[in-house]
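Enquirer: Sequence first, then the predicted structure, then my questions.
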Amino acid sequence: MKDTRYSGRAAVGAALLHVAAACAVSLTATGTAVAKTEAATSAQVERLQLVTANGVHALDVEIAVTPEQQALGLMYRTSLPDSKGMLFTHTTPREITMWMRNTYIPLDMVFIRADGTIHRIEARTEPLSERIIASEGPVSAVLEIAGGAAERMGLKAGDKVRHPAFGSEASP
């Protein structure tokens, strides 16, 4: 009888230890996500303008410059206002591919040519998807904005982007 009681306590103790370990792993993962998000939000923010048939739309965009910022992108974010975004630039036009791993919100991916012309838009990407999203042609930048924002602004292929990365300045 004594052995059964002690083995029962041992089982309960082991179960509690397992739950505690799982909570610690969860907290560590959450802390890592928060730290990564904070690191990304320390990126430089610049003004960018989208010139559409409906008018000019100004956005404040984080510039993903370092390899770490570019790899992280907008992962772990839980919201993104229409007035914000993230710009990924490359010095040489090329086929660019993106994905939505660890990205919790839908995004519009705006693929931009070196002269600031919008090449194409991948609208409302699927959160947490590992599907590869390609530029489908040589581009020098990708602008990530809130899912559906491109449609709300009337943004389409052929429209222009004003930003120093494309040899133009955004008006104040």
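Expert: Sure thing, it's come through. Numbering: from 1, shown residues only.
Enquirer: could you dump stretch 120-138 to PDB, C-alpha only?
Expert: Extracted in PDB, the C-alpha atoms of stretch 120-138 (Å, rounded to 0.1, in the frame of the first residue of the first chain):
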ATOM      1  CA  ARG A 120       2.700  43.400 -59.100                       C
ATOM      2  CA  ILE A 121       0.800  43.000 -55.800                       C
ATOM      3  CA  GLU A 122       0.200  39.800 -53.900                       C
ATOM      4  CA  ALA A 123      -2.900  40.700 -52.000                       C
ATOM      5  CA  ARG A 124      -4.000  39.400 -48.600                       C
ATOM      6  CA  THR A 125      -1.300  36.800 -48.100                       C
ATOM      7  CA  GLU A 126      -2.100  33.800 -45.900                       C
ATOM      8  CA  PRO A 127      -0.800  34.200 -42.300                       C
ATOM      9  CA  LEU A 128       1.700  31.500 -41.100                       C
ATOM     10  CA  SER A 129       2.000  30.000 -44.600                       C
ATOM     11  CA  GLU A 130       5.300  28.700 -46.000                       C
ATOM     12  CA  ARG A 131       4.100  29.100 -49.600                       C
ATOM     13  CA  ILE A 132       6.700  30.900 -51.600                       C
ATOM     14  CA  ILE A 133       5.500  34.300 -53.000                       C
ATOM     15  CA  ALA A 134       7.600  35.400 -56.000                       C
ATOM     16  CA  SER A 135       7.900  38.800 -57.600                       C
ATOM     17  CA  GLU A 136       7.400  37.100 -61.000                       C
ATOM     18  CA  GLY A 137      10.100  39.300 -62.600                       C
ATOM     19  CA  PRO A 138      13.100  41.400 -61.600                       C
END
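Enquirer: Let me know the average pLDDT across that stretch.
Expert: Computed over stretch 120-138, the mean pLDDT rounds to 97.
Enquirer: Excluding its own residues, what touches that stretch? List them.
Expert: With C-beta atoms under 8 Å, 6 or more residues apart in numbering as the test, stretch 120-138 has contacts from 93-111, 113, 119, 142, 147-148, 150-151, 155-157. Any C-beta I mention is one placed from the backbone N, CA and C, and that applies to glycine too.
Enquirer: who touches the residue nearest to residue 164 when sequence neighbours are not counted in this structure?
Expert: Using C-beta to C-beta, 6 or more residues apart in numbering and skipping the chain neighbours, the partner closest in space to residue 164 is residue 46 (7.7 Å). Neighbouring residues of residue 46 by C-beta under 8 Å, 6+ apart: 60-61, 63, 87, 163-164, 170.
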